[in-house]
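Enquirer: let's see this in three dimensions:
(one chain, ligands or ions: 1)
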Amino acid sequence: MNVVVVGAGLAGPLLAQGLSRAGIDVALYEREAANQSSQGYRLHIAPEGDLGLRACLPSTLYDRLLATSGKRGSGWRLLDPHLQVVREMLVTPVDEEETGRHLTVDRLTLRQILLTGIDVHQGASFQRYELLDDGRVRVFFANGVVVDVDLLVAADGTHSRVRTQLLPHAEVVETGQSEIFGKTPLTDTVRELAPAAALDGFCTVVGTDGRFMPLAAQEFLSGGEDYLMWVLGAPTRLFPVDLSTLDKAGLWKVAAELVADWHPSLAALVGLAAPETVHTTTVRTAKTVPHWETVPVTLMGDAIHTMVPQGTSAAVALRDAALLCRRITERTGSLLDAVRAYETEMLEYGFAEVERSLRSIS
Ligand SMILES: Cc1cc2nc3c(=O)[nH]c(=O)nc-3n(C[C@H](O)[C@H](O)[C@H](O)COP(=O)(O)OP(=O)(O)OC[C@H]3O[C@@H](n4cnc5c(N)ncnc54)[C@H](O)[C@@H]3O)c2cc1C
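Expert: Numbers count the residues shown, from 1 in each chain. Have a look, this model is predicted:
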C-alpha cells in the first residue's frame, strides 16, 4: 500500500511520521522551499495535539520536541489597552500523561523535528487528481511528476487545492478580520516593556472597537534566540490601507500606528521588531460540510476545517493526522472503510471546534 500526502505544514509531516513508523510507503509533497514561514512563530499546541504528536513520533523526536519547547507560564490573561488584567485563566496541574500537555513551540523548530527522517518532495505543487478504475488515484504535480497511489491525503492548508476538486461546494469565508504579526527579540529592554502577562504565558490586549493584540514570549527551555511574538488584529475596515499592497516595512509601520493610542509599551514593542519578520493574513473560517461519499482522497487540518486562530487549530490538525494514522494502521476492513471512519469522527470534532472558534470573535 502507498500513500501520498500533500502539504508539509503540521498535519502532513505528522501523518508521514506515523505511517512510515508502521512500515507504510508514504511520500510527502510540498510546494514551498524548506523553512518558509508565513504563519506565525510561537505556536501554542493544545493537549489533543500533544497526544497526536506522542502517538505518531518516534520517542527520540518527541523528546527533542519537549526539550526545544518554550516555558509555559501560568496561563492566559485578558488585558485592557492600559495593560490592566481584566480576566485570567490559570492552567491547573493535571495528569498530563493522560490528557496531554499544553506546549509552546517555535513553528520552524517543530517543523524541523516533524520532518526529521522524512523525504520531502520540495517545490512540488499539487495540481489535480484522477480517480482510477482500479480504485487507486493518480496525482499530478505542477513540476510534471505523476504518481499512482492507494490514498491521497490533503494537508495543504486553508486554500487547499485538493479540497477545491474533491468538495467544490465547500466554502471558506472571510470573517472580515485582518492581522499583522511579527516577532521582537526578547532583549532586556523588551522584557521591561512587555506586560508581565506576556512573559508568564499568553495574553491578549483587547480594545472596545474590535482591535486585539495577542502577545507571548517564547523562552526556549534549552536555550535559543528567545523572542516576543505579537499579533495585531482588527476588523479589516479599521486598517488605513489594503494590507496586501504593503511590504514588510509598511506593515510594521501600520501595526505600530494601530496601537498608538494604547499603552505606549505596545507600539514600542512593535517598533523593536525585526521588520523582515512581519507578515499579514486575513482570518477565514470553513463552513460545515456534510460527509461526502468516501473515495481514496481525504483531507486533514486547515484543508477541511480552517478556523479563527484561538490556540487550538494546530492541535486539531495534529489530532487528525494521528487519528487517520490509527484508522489506517489498525484497520481490519478495507482502506476505504478506515478512511470513512476517520472522516466521520474528524468532521464532528473538527467543525465543533470551528463553531467554538467563531464564538471567540462574536
Ligand atoms: C499568525 C498565526 C498564528 C497562529 N498561531 C496558532 C497557535 O498558536 N495555535 C494554534 O493552534 N494554531 C495557530 N495558528 C493556526 C495554525 O497555524 C494552523 O491551524 C495549522 O498550521 C494547520 O496545519 P495544517 O498542517 O493543516 O496546514 P498548514 O500548516 O497551513 O500547512 C499547509 C502546507 O501545505 C502546503 N501547500 C499548500 N498548497 C499546496 C499545494 N498545492 N501543493 C503542495 N503543498 C501545498 C503549504 O505550503 C503548507 O506548507 C496560527 C495561524 C496564524 C496565521
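Enquirer: so how far is the ligand from Arg136?
Expert: Applying C-beta to the nearest ligand atom, to the nearest Å, the value for Arg136 to the ligand is 20 Å. All C-beta atoms are positioned from the backbone trio N, CA, C, and that covers glycine.
Enquirer: quick one: that residue and Asp148 touch, right?
Expert: Yes. If you go by C-beta atoms under 8 Å, Arg136 and Asp148 touch, sitting 5.4 Å apart.
Enquirer: of these two, which one has the most company?
Expert: The neighbour comparison of Arg136 against Asp148 (other C-beta atoms under 10 Å) goes to Arg136, with 16 against 13.
Enquirer: return the distance of the more buried one relative to Gln127.
Expert: 18 Å (C-beta to C-beta, to the nearest Å).
Enquirer: ok, now Glu97?
Expert: 43 Å.
Enquirer: Ala338 belongs to a helix?
Expert: Yes. When DSSP: H, G, I helix; E, B strand; the rest coil is applied, Ala338 is found to be in a helix.
Enquirer: and the pLDDT at the nearest residue to Val295 once chain neighbours are set aside?
Expert: Spatial nearest neighbour of Val295, chain neighbours left out: Leu131 (5.9 Å); criterion: C-beta to C-beta, 6 or more residues apart in numbering. Note on Leu131: pLDDT of 98.
Enquirer: in which helix or strand does the residue positioned nearest the centre of the chain reside?
Expert: In the chain, the centroid-proximal residue (C-alpha atoms, centre = their mean) is Ala314; its distance is 3.9 Å. In this structure, Ala314 sits in helix 313-329 according to DSSP states H and E.
Enquirer: is that helix positioned near the ligand?
Expert: Yes. Helix 313-329 reaches the ligand (C-beta under 6 Å from any ligand atom) through Ser313, Ala314, Ala315, Ala317.
Enquirer: can you check stretch 71-88 too?
Expert: No. If you take C-beta under 6 Å from any ligand atom as the test, stretch 71-88 misses the ligand, and the best it gets is 11.4 Å.
Enquirer: ok, now stretch 145-159?
Expert: Yes. Stretch 145-159 reaches the ligand (C-beta under 6 Å from any ligand atom) through Ala155, Asp156, Gly157.
Enquirer: what sits against the last one?
Expert: Counting by C-beta atoms under 8 Å, 6 or more residues apart in numbering, Gly157 makes contact with Gly7, Gly9, Gly301, Asp302, Ala303, Thr306.
Enquirer: state the pLDDT value of it.
Expert: So, for Gly157, pLDDT stands at 97.
Enquirer: sec struct for it, please.
Expert: coil.
Enquirer: skipping its backbone neighbours, what lies nearest the one residue in the stretch 201-350 of the chain that gets nearest to the ligand in space?
Expert: Nearest residue of the stretch 201-350 of the chain to the ligand (C-beta to the nearest ligand atom) works out as Gly301 at 2.2 Å. Of all residues not flanking Gly301 in the chain, Ala317 sits nearest, at 3.1 Å (C-beta to C-beta, 6+ apart).
Enquirer: now do Arg326
Expert: Nearest to Arg326 is Ala55, by C-beta to C-beta, 6+ apart, at 7.1 Å.
Enquirer: near the ligand, which residues of the stretch 201-350 of the chain show up?
Expert: Close to the ligand, as judged by C-beta under 6 Å from any ligand atom, the stretch 201-350 of the chain has residues Val231, Thr281, Gly301, Asp302, Ala303, Pro309, Gly311, Thr312, Ser313, Ala314, Ala315, Ala317.
Enquirer: for Glu97, give its distance to Gly49.
Expert: In terms of C-beta to C-beta, Glu97 sits 15 Å off from Gly49.
Enquirer: quick one, what contacts the residue in the stretch 1-150 of the chain that the ligand sits nearest to?
Expert: The minimum distance from the stretch 1-150 of the chain to the ligand, using C-beta to the nearest ligand atom, falls at Gly9 (1.9 Å). For Gly9, the contact set (C-beta under 8 Å, 6+ apart) comprises Gln39, Arg111, Ala155, Asp156, Gly157, Gly301, Asp302, Ala317.
Enquirer: can you turn the buried part of those into a PyMOL selection?
Expert: Filtering the contacts of Gly9 down to the buried ones (16 or more other C-beta atoms under 10 Å) takes a single PyMOL command:
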select buried, resi 39+111+155+156+157+301+302+317
